[in-house]
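**Q** quick one, what's the 3D model for this:
(chains A and B, ligands or ions: 1)
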Amino acid sequence: MNAPFSPILLRNRRPDGPVPFDEYRANGGYEALLATVGKRDPGEVQAMVLEANLRGRGGAGFPAGRKWQSVPKGHKGPKFVLPNTDEMEPGSFKDRILVGADPHMVIEGVLLCAYAVGAEHGIFFVRPSYEMDAELMERELEIARSAGFLGRNILGSGFDFDMVVHRSAGRYICGEASAQINAISGLRPNPRKGGPRMAVSGLWGRPTVVNNVETLACLPGIVQNGPQWFKNLARTPTGSGSKLYSVCGPVARPECYELPMGTPLREILFEHAGGMLPGRTFKACLPGGASTSFLPARHLDVPMDFDALKAIGQRLGTGCIIVFDEETCLVGATLNMIDFFARESCGWCTPCREGLPFIRNILYQIESGQGREEHIGMLRQMGHHMRHAYCALAPGAAAPLLGLLDFFEDEVREHIRHRSCPFGAVAPTPRGKPCAPGPVTFGPTPCREGLSCRI
Amino acid sequence: MQLEELKNKLQQEVSKAEFPREHAIDVLYALQNHYGYLCDEAMADASWILGMTLLELEELATFYDFLYRRPVGRHILHVCDGVVCWMYHQYSLLDHLCRKLGVGPGQTTEDGLFTVLPAGCVGNCHQAPAMLVNGRFYGGLTPEKIDTILDDLRVSHEELAVCR
Ligand code: SF4
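**A** Reported below is the predicted structural model:
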């Protein structure tokens, strides 16, 4: 039996709105910053984060400290920190919960990151569906500024840093770090070559660090309590810290839970999320958002951390768990997700732009009873081709497809053999809608003339 | 605000900025709110304010979910069609909404009140099925709830959200 875990990131969460500045301060907020600016060397903060083994919570799991090390030292001119909260992947809502629960923990995290890499500017990029977060952040940033925690010469330490809110007009690809840089620059947000290069030449050609907000919110705790404390929070030897796991689908209590990194999937779903809804049986889940693979019931005991999932050929992704029950057609679900990714493709490279609609059309044929045996091989081949795309969107899109083929090939076959969906209705693609008003029917072809999701 | 006044105000803000292009989306939003959608006049104004070409702005106006290059209704319904809402029979809700309003997805009702747009995940998966109405979350939807929301909107005079 494990000792009860007290939340760190969501410790101040209340049912009636975000924690105000005063209450955050009263609970020890900004103490880490006070103990750091002008007192510790930035290199010391970097070393702490490296030692704490803080890995990116936005999906890629890249060690935050290593990313920061690529930022050139002694660089003349401004550097940027972009706290990335642009989540739009189906099933993901943890960052919205975090920002809405404790905005100052996020702000303090951004400040500590900025101090460690010597950045002067922060840009909080917010998608339009989260307009309330944009307003909240603007208000709380102003409060932090008046208290001397933002702006010039913070707390008399000589450290300058300020942050603005940037409103996006909303596209999934803007969550990709390099695409976000293009979006802020007023360019079409196609991804650029990202990775460590951005740390040298990112926004406006200046060194830029893009970190997920959950990652950044871990920093005050690490700085205040030390790397070992952070490591010890995890349930697995190679994991570290706590993790926001959001759960949705047919479970009793769909919610965002903060638990030790490496908490077994079964415990998250059946203890914290209250198990399946009455009368439903667990069939599969996507462990980390729509760009991870289906995970069948036999893997329910896997610890939810980066390495344990990797060991069984899976990815933790964002840790946002989507549950499917026995009544749900996984071909239909995959069709829905592929259609989402095809729609959200930025269109830059051929495998993604052409490949995803191709996959969608085959899936639609299978779902609507026109599937053929050779479609399975074609899907598998196309799924693997997505590796050749320019950014991670396309291989992410292929993950549930390949999971479907690996673990639920029988279900796909059944569609083909019976020439219909065994679950009854034909699952519609989201976009195949008629041009004229009237009865809504569904087809695989996106409408290019007048009717679409974008107008 | 009168158009000339708005344009001058935006132009002043942009000219003060270190990186004027950073304001591209803000300017497009402001003009969209003024004109109702990004008509050709709005695009020309944006080009003048930002010093960007019409082509560069077209790349943005036609790319994003919340920028509208065609006329839209007074209330915009972004109906989530992410896989979680789909599981909660979102499809039938979208179907219900479209039938009720007599439009297809992407269309505006004849009275100019409602535009229905299927949307990618709106970040409310734990309260699926969900939609945004003028940028505000509505979760746990049923056909009955949708009817009530539509009835309320027909008589509502609320100020529209910035990024409706
Ligand atoms: S993989 Fe898709 S989203 Fe990424 S660059 Fe290619 S077309 Fe764009």
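**Q** pop out the phi and psi values for A:Pro69.
**A** One correction, residue A:69 is Gln, not Pro. When quoted as degrees, to the nearest 10, the phi and psi of A:Gln69 stand at phi -60, psi -20.
**Q** wait, it sits on A:Gln46?
**A** Yes: under the criterion of Cβ atoms under 8 Å, A:Gln69 makes contact with A:Gln46 at 6.6 Å. Placement of C-beta: from N, CA and C, glycine included.
**Q** please name the strands paired to the host helix or strand of A:Phe324 in the sheet, noting orientation.
**A** Using DSSP states H and E, the element containing A:Phe324 is strand A:320-325. Based on DSSP bridges, the strands next to strand A:320-325 in the sheet, each with its direction, are strand A:242-248 (parallel), strand A:282-286 (antiparallel).
**Q** state the mean pLDDT of the helix or strand following the first one.
**A** Spelled out, that is strand A:242-248. Toward the C-terminal end, the helix or strand that comes next after strand A:242-248 (DSSP H and E) is strand A:255-260. For strand A:255-260, mean pLDDT rounds to 96.
**Q** what's strand A:255-260 packed up against?
**A** Packed against strand A:255-260, as judged by 3 or more Cβ pairs under 8 Å, 6 or more residues apart in numbering or on different chains; DSSP states H and E, are the following elements: helix A:94-101, strand A:242-248.
**Q** out of those, which is closest to B:Val133?
**A** Across the helices and strands packed on strand A:255-260, B:Val133 has its closest neighbour in helix A:94-101 (17.5 Å, Cβ to Cβ).
**Q** ok, and does the closest one reach over to chain B?
**A** Yes: interface with chain B: helix A:94-101 contributes A:Arg96 (Cβ under 8 Å from any Cβ of the partner chain).
**Q** residue in chain B nearest to the ligand?
**A** Per Cβ to the nearest ligand atom, B:Phe63 is where chain B lies closest to the ligand, at 11.6 Å.
**Q** that residue contacts A:Asn190, correct?
**A** No: under the criterion of Cβ under 8 Å, B:Phe63 is not in contact with A:Asn190, lying 9.6 Å apart.
**Q** run through who's touching stretch A:5-25.
**A** In this structure, residues lying in contact with stretch A:5-25 by Cβ atoms under 8 Å, 6 or more residues apart in numbering or on different chains are A:27, A:29-30, A:97-98, A:100-105, A:136, A:140, A:143-144, A:147, A:214, A:217-218, A:221, A:233, A:241-242, A:244, A:256, A:258-260.
**Q** put the buried members of those into a PyMOL selection.
**A** In PyMOL, a selection of the buried entries from the contacts of stretch A:5-25 looks like this (16 or more other Cβ atoms under 10 Å in any protein chain shown):
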select buried, chain A and resi 29+30+97+98+100+101+102+103+104+105+136+140+143+144+214+217+218+221+233+241+242+244+256+258+259+260
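**Q** could you pull up the residues touching A:Met382?
**A** When contacts are counted by Cβ under 8 Å, 6+ apart, A:Met382 touches A:Gly355, A:Phe358, A:Ile359, A:Ile362, A:Ala398.
**Q** buried sites along the strand ranked longest in chain A?
**A** Ranked by residue count and defined by DSSP state E, the top strand of chain A is strand A:159-167. By neighbour count on 16+ other Cβ under 10 Å, the buried set for strand A:159-167 is A:Phe159, A:Phe161, A:Met163, A:Val165, A:His166, A:Arg167.
**Q** thinking again about what came up before, need the max-distance pair from the contacts of A:Met382.
**A** Of all pairs drawn from the contacts of A:Met382, the one with the largest separation by Cβ to Cβ is A:Ile362 and A:Ala398; the distance is 12.9 Å.
**Q** ok, these two, which is more surrounded?
**A** Neighbours were tallied for A:Ile362 and for A:Ala398 using other Cβ atoms under 10 Å in any protein chain shown; the higher tally belongs to A:Ala398 (28 against 23).
**Q** mind checking the SS state of that one?
**A** For A:Ala398, the reduced secondary structure class is helix; criterion used: DSSP: H, G, I helix; E, B strand; the rest coil.
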